[in-house]
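> sequence and predicted model, in that order:
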Amino acid sequence: MDKEYFVQLKKALQIEQEDEQRGIQELLEKTTPQSRREKGFCWYPVKIVEDGYGMGAYPFLVVENPRPSKGHRFQSGNPVSVFSQADASLNERIQGTIGFVDDQRMKIVFHADELPDWLHNGKVGVDVLFDERSYREMNFALKRVYEANGNDRLAELREISLGNKGLSFDKQNISVNAHLNASQNRALERMVNAHDVAVIHGPPGTGKTTALVAGIVELVKLGQKVLITAASNAATDYLLSKCIAAGLNGVRIGNLAKVEEDNEAYTLDALMMRERDAKQIRELKKRAAEMRKMGGKYKRSFGKEEAEQRRLLFQEAKKIMKEARDLEEYITQRLLQTAQVVAATLIGCSHSLLQRMEFDVVVIDECGQALEPACWVAIQKAKKLVVAGDPHQLPPTVKSYGAGKAGLNHTLLDRLMQCREGVVMLDIQYRMHQNIMEFSNLRFYEGKLSAHDSVALRSWHKEQPVVQWIDTAGCGFEESSGEEGDSKKNEDEFSLIQKHMERWGVDINWQYALISPYRAQVEFMMEQCVSMHHVRVDTIDSFQGQEADVVYISLVRSNDRQEVGFLKDYRRMNVALTRAKRGLFIIGDTATLGQDDFFGSLLNTIESQGGYCSAWEYL
């Protein structure tokens, strides 16, 4: 494989960019806020619950969505457009960046001196915008990778990724870490001794993060500076929090992504507040706010003298804010230089604060979920690369069929897994009963996984099978389309889950999860489970990386055409089948699914464990 691969990858990325941009633009131009809201691309109307000035004296808003939804398309770090429908003819809008977002609240940061007055006129909404910056950074990274040559480290890493150059290793003696199992210790040793690339293959529940953090600690002991990154804010924050818990000095940079309260101590905002110059920065911001407030007293009906006074006040406020920003930037650079570990999302690695920084080691976690072009944004800063993940779990999200077909579906992890001498697979899992693990172990992991003694026989019931397929064939549980028509649901399957819970009871000390591959089914189950506080309801995609004591999977599909739809993505099913600790219950129609090789094999495994039963037993 030669470097022309990156030309094709750039073409695939271009297809994805054009399709996404066209889709969002048409949505904004041709639909109402109410219609966009139903599709998850808009919050409208929102309630403004807080406003002020944050880091860098940039204004922010915190808005509340009166119709909380897990199905929205807003993500931390992405651009949005805030608008008002109080007078739709004015088309008043201001663009900002999402600082954090959950199902109900969103913080938006604006790169402006002040917020417009019309925000307080009511009927305010927030639209998803096309994230041009992410594509710009990925395209720039691919261009740099393609053009790299000679002894450039980026060129060497490119050739290794293409399989054109072999790996080399040092031979430092690494002390065995008593807190790790044998395969985790091999991973630690590989991270330290790899001269170029190390790959940590972490199947579900095998302690990938534990091994990664132990390796990062060892690298830091050797005086190496580490950049840790992942495609999502959540994965990046999680890995950094574990590094901090291990005693490392770390800092998180990026688009003010949401961080759990317990972890706020290592955000730039929090670190800045503990600096001796923090008081001066606060005083500068206060003075700037006072100037803006004084200038704001001059409304539209004023004369030439008042207009000049307003201009001077805002000019002075801007000057003071620049002084505050310059001081913040100086402190930020000092914090970054002294940090042992720096964390940012893959796209966040293009942040201006990191532009002139190079790292001894770049660690990419959950690499199998990342677009390859995004990975190269981070790899540009690497002397050595460590990637971790599992190619048998969910791939990155590619919205365009054409882009996926052109190559964007293929991941960097898939290719690096071919560098056999650089790969260490973690082989002891600490989550599942051995029967829950059995099918995925044989189907995806060549039977190499073992269940640790602490979990191997941990069951939800002393006498009942740990894994059960409750077959709805012949029960008339027909699938139907969701309200938008682009998803499926099966209300009878949820009723069956309820009956199963009622018969066997619920242990209030355990965690329960109801998951499904279909958004419409998840939304229906959420509506029914509002008062069931011991139950989490989610899509399989959102539940990757999570676990629960007992998991119910609603497969939904039931039709006389034996159509299984995107249940054909077996990696998604692998995620679903490996979330449970004590009990796993699959609700599905074998008449529809049983002819598929994957589901047929799954059914055979469950039958061999004595776990097959008919839904008629619960009707």
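Done, it's in.
> G588 pairs with what?
On the basis of DSSP bridges, G588 is bridged to D471.
> actually A388, not the one I typed
Residues in beta-bridge contact with A388 (DSSP bridges): I200.
> which residues touch it?
V199, I200, H201, G202, K208, L212, V363, I364, D365, E366, C367 (C-beta atoms under 8 Å, 6 or more residues apart in numbering). All C-beta spots, glycine's among them, are computed from the backbone N, C-alpha and C.
> just A548 next, same as before
W510, Q511, Y512, A513, R536, R579, A580, K581.
> how about JSON lines for those, with neighbour count and pLDDT added?
Output for those, formatted as JSON lines (neighbours: other C-beta atoms under 10 Å; pLDDT from 0 to 100):
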{"residue": "W510", "neighbour count": "14", "pLDDT": "96"}
{"residue": "Q511", "neighbour count": "17", "pLDDT": "96"}
{"residue": "Y512", "neighbour count": "21", "pLDDT": "97"}
{"residue": "A513", "neighbour count": "20", "pLDDT": "97"}
{"residue": "R536", "neighbour count": "18", "pLDDT": "94"}
{"residue": "R579", "neighbour count": "25", "pLDDT": "97"}
{"residue": "A580", "neighbour count": "28", "pLDDT": "98"}
{"residue": "K581", "neighbour count": "23", "pLDDT": "98"}
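> if we can go back for a sec, so which of the contacts of A388 belong to strands?
V199, I200, H201, V363, I364 (DSSP state E).
> which one of those residues is nearest to V128?
I364 (26.3 Å; C-beta to C-beta).
> tell me the confidence at M272?
Note for M272: predicted pLDDT of 69.
> whoops, E484 was the one
Taking E484 on its own, its pLDDT is 62.
> same thing with Q544?
89.
> with G296 instead?
On the pLDDT scale, G296 gets 66.
> again with the one 4 residues further on
Model confidence at R300, given as pLDDT, is 54.
> mind putting the contacts of A548 into a markdown table with distance to Y53 and secondary structure?
Compiled in a markdown table, the contacts of A548 are given as follows (distance: C-beta to C-beta, whole Å; DSSP: H, G, I helix; E, B strand; the rest coil):
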| residue | distance to Y53 | secondary structure |
| --- | --- | --- |
| W510 | 45 | coil |
| Q511 | 40 | coil |
| Y512 | 43 | strand |
| A513 | 41 | strand |
| R536 | 37 | strand |
| R579 | 42 | coil |
| A580 | 47 | strand |
| K581 | 46 | strand |
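> quick check, nearest of the residues you listed to P59?
Using C-beta to C-beta, the contacts of A548 come closest to P59 at R536, 35.6 Å.
> so that closest one sits right up against M525, yeah?
No: between R536 and M525 there is no contact under C-beta atoms under 8 Å: 10.4 Å.
> low pLDDT regions in this structure?
55-57, 68-71, 254-265, 272, 276-278, 296-303, 483-485 (pLDDT under 70).
> longest helix in it, please.
When the chain is parsed with DSSP state H, its longest helix is helix 304-338.
> which neighbouring elements make contact with that helix?
helix 268-273, helix 278-296 (3 or more C-beta pairs under 8 Å, 6 or more residues apart in numbering; DSSP states H and E).
> so for that helix, what gets flagged as buried?
Using 16 or more other C-beta atoms under 10 Å as the test for burial, helix 304-338 gives 309-310, 313-314, 316-318, 320-321, 323-325, 327-328, 331-332, 335-336.
> what's the answer for stretch 404-411, then?
Going by neighbour count (16+ other C-beta under 10 Å), the buried part of stretch 404-411 is G404, A406, G407, L408, N409, H410, T411.
> residues touching the first one, list them.
Contacts here follow C-beta under 8 Å, 6+ apart; on that basis G404 touches A12, V398.
> for it, helix, strand, or coil?
At G404 the chain is in helix, as set by DSSP: H, G, I helix; E, B strand; the rest coil.
> what distance do you get for it to I228?
From G404 across to I228, the span is 28 Å (C-beta to C-beta, to the nearest Å).
> got it, and the fifth one?
Distance of N409 to I228, computed by C-beta to C-beta: 25 Å.
> need the overlap of contacts for R536 and M525.
Joint contacts of R536 and M525 (C-beta under 8 Å, 6+ apart) are L514.
> go through stretch 428-445 and flag the buried ones.
428-429, 431-441, 443-445.
> find the residue at the geometric middle of the protein.
When C-alpha atoms, centre = their mean is applied to the chain, the residue found nearest the centroid is S232 (3.3 Å).
> residue contacts, it?
S232 makes contact with T345, E366, Q369, according to C-beta under 8 Å, 6+ apart.
> the last one touches P391, doesn't it?
No: with contact defined as C-beta under 8 Å, Q369 does not count as touching P391 (10.2 Å).
> from the contacts of S232, which single one is nearest F566?
Q369 (16.8 Å).
> any idea how far A344 is from the closest one?
Applying C-beta to C-beta to Q369 and A344 gives a distance of 16 Å.
> neighbour-wise, which of the two wins?
A344 (27 against 22; other C-beta atoms under 10 Å).
> pretty sure that one is touching L354, no?
Yes: look at A344 against L354 with C-beta under 8 Å: they come within range, at 6.8 Å.
> and for those two, which residues touch both?
L227, I253.
> among the helices and strands packed on helix 304-338, which comes closest to F169?
The nearest among these, by C-beta to C-beta, is helix 268-273 at 35.8 Å.
> give me the distance from that closest one to the chain's centre.
Centre-to-centre, helix 268-273 and its host chain are 24 Å apart (C-alpha atoms, centre = their mean, to the nearest Å).
> and that helix, what does it pack against?
Helix 268-273 is packed against strand 250-252, helix 304-338, with contacts defined by 3+ C-beta pairs under 8 Å, 6+ apart.
> residues in contact with I586?
Neighbours of I586 in contact, by C-beta under 8 Å, 6+ apart: V467, Q468, W469, I470, I553, L555, L602, I606.
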